[in-house]
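Chemist: I'd like to go over a predicted model; first the sequence, then the structure.
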Amino acid sequence: MSNNTRLPDYDLADVTDVTAPAQLRALAHPLRNAILELLLERAATVSELAAAVGRPKSTVAHHVSVLADAQLLKVVQTRRVRAIDERYYGRTARIFRVGTISTTHGTTPNCNNDLATAAAESAPAHQSDQLSSIVRHVRIPREQAREFWARVLELANDYAQLPRGGDVVYGFAAGLYPTDYPALPEAEPAAKD
């Protein structure tokens, strides 16, 4: 594994808004999510991606093609190997942010719930008492929630930039969502003596 301090090893945008239904469908598949996550480390060939995910090269090639057609990844480097051009793929952005969805039918396609995915992935860690997690509820204005989320995204980006090493992959999940969790009423002003 590399010890780059600036991951991945190719240029890409920091954030891209995902607004097309084809892009959402591309993001909705777990294998394609795994491919995109792997490409945060470095550019990779279809063969390397297939070895990493333990799936046939033809299957991974199909999913890479779907992601490329959706403009979520692209060829970032080629290398000539035995008269064949080997293509290295990379993401088009570090963060894919879901924006306003354009549909002809007026419906919004379903997206994966990243927290549900993280909950399923973290179940073995929970069972073996190796899960660190926290949930907090705070009543704040919407703009303050947006500012806080921007800080969380910076932290997630810092996490993705950590030098690769060790033999365990750790997941990091975060979510910010409105809820009907109970809140105390505004405090009464203190009585003046």
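Modeler: Received the coordinates, thanks. All of these numbers come straight from a predicted model, not from anything done at the bench.
Chemist: average model confidence for stretch 76-95?
Modeler: The average pLDDT for stretch 76-95 rounds to 88.
Chemist: that one: which residues count as buried?
Modeler: Buried residues in stretch 76-95, defined by neighbour count with 16 or more other Cβ atoms under 10 Å: Val76, Arg87, Tyr88, Tyr89, Gly90, Arg91, Thr92, Ala93, Arg94, Ile95. Just so you know, the C-beta spots here come from the backbone N, C-alpha and C atoms, and that holds for glycine as well.
Chemist: greatest separation within the residues you listed: which pair is it?
Modeler: Across these, the longest distance by Cβ to Cβ is 23.7 Å; it joins Arg87 and Ile95.
Chemist: if we can go back for a sec, of the buried residues of stretch 76-95, closest to Ala52?
Modeler: Nearest to Ala52 out of the buried residues of stretch 76-95 is Tyr89 (Cβ to Cβ; 12.4 Å).
Chemist: SS state for that closest one?
Modeler: Classification of Tyr89 by DSSP: H, G, I helix; E, B strand; the rest coil places it in strand.
Chemist: with the one 5 residues further on instead?
Modeler: Classification of Arg94 by three-state DSSP places it in strand.
Chemist: where does the closest residue to it other than its chain neighbours fall, secondary structure wise?
Modeler: The shortest distance from Arg94 to any non-neighbouring residue, by Cβ to Cβ, 6 or more residues apart in numbering, is to Asp14 (5.4 Å). Per DSSP states H and E, Asp14 falls inside strand 13-18.
Chemist: for the longest helix along the chain, which positions count as buried?
Modeler: The helix spanning the most residues in the chain, taking DSSP state H as the definition, is helix 142-160. Across helix 142-160, burial judged by 16+ other Cβ under 10 Å covers Leu153.
Chemist: and that helix, how far out from the chain middle?
Modeler: Once both centres are worked out by Cα atoms, centre = their mean, to the nearest Å, helix 142-160 turns out to sit 13 Å from its chain's centre.
Chemist: coming back round to it: please look at the residue nearest to Arg94 and Arg91 and confirm they touch.
Modeler: No - Asp14 sits out of contact with Arg91 when judged by Cβ atoms under 8 Å, with a separation of 11.0 Å.
Chemist: in this protein, which spans are strands?
Modeler: For the chain, the strands defined by DSSP state E cover 13-18, 73-81, 84-91, 93-98.
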